[in-house]
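In: My questions concern the predicted model and sequence given below.
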Amino acid sequence: MIDVDPATLVLEFVGSAVLGGVLGFATKQVAKLVAVLIGVQLMAFRYLESQEIVIVDWNRLSAGFIETQAQTQTQATHWFESVLSMLSVGAGFTSGFLIGFHRG
């Protein structure tokens, strides 16, 4: 029989939920900043391209994003085994991260 201490499980869940919430909030704030910076950069590229100062190969630029996405999808094969091995910490962190990301 498995000897499990419920107090330890609750403490791990709550601690990881708080940490996840803080990281989720911070991640959303950083993502907003990065989105603004990328948008400004793309606007600058479009302006410079319209003035014929630079030439941007948009097909080549977007191909890098597509290749990165394809590589990421092939690496996520055994995620279920990883989730089961750290269920109490993972569930708390994930729920806290999602709440923090949503509130951010």
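Out: Perfect, I can see it now.
In: Distance of L9 relative to Y47?
Out: 56 Å (C-beta to C-beta, to the nearest Å). The way it works is simple: take the backbone N, C-alpha and C, and place the C-beta from them, glycine included.
In: quick one: which of these two has more around it?
Out: Neighbour count, other C-beta atoms under 10 Å: between L9 and Y47, L9 has more, with 14 against 11.
In: Please report the distance of that one from G15.
Out: The spacing between L9 and G15, counted by C-beta to C-beta, is 11 Å.
In: Kindly list the longest helix within the protein.
Out: helix 6-50 (DSSP state H).
In: Identify, among the helices and strands of this protein, the element with the weakest mean pLDDT.
Out: helix 79-85 (a mean of 54; mean pLDDT, DSSP states H and E).
In: Nearest the geometric middle of this structure, what residue?
Out: T27 (7.2 Å; C-alpha atoms, centre = their mean).
In: returning to what we had before: downstream of the least confident helix or strand of the chain, the next helix or strand is which one?
Out: Counting by DSSP states H and E, the element after helix 79-85 in chain order, helix or strand, is helix 87-103.
In: how about that following helix: buried residues?
Out: Neighbour-count burial for helix 87-103 flags 89-93, 95-97, 100-101 (criterion: 16 or more other C-beta atoms under 10 Å).
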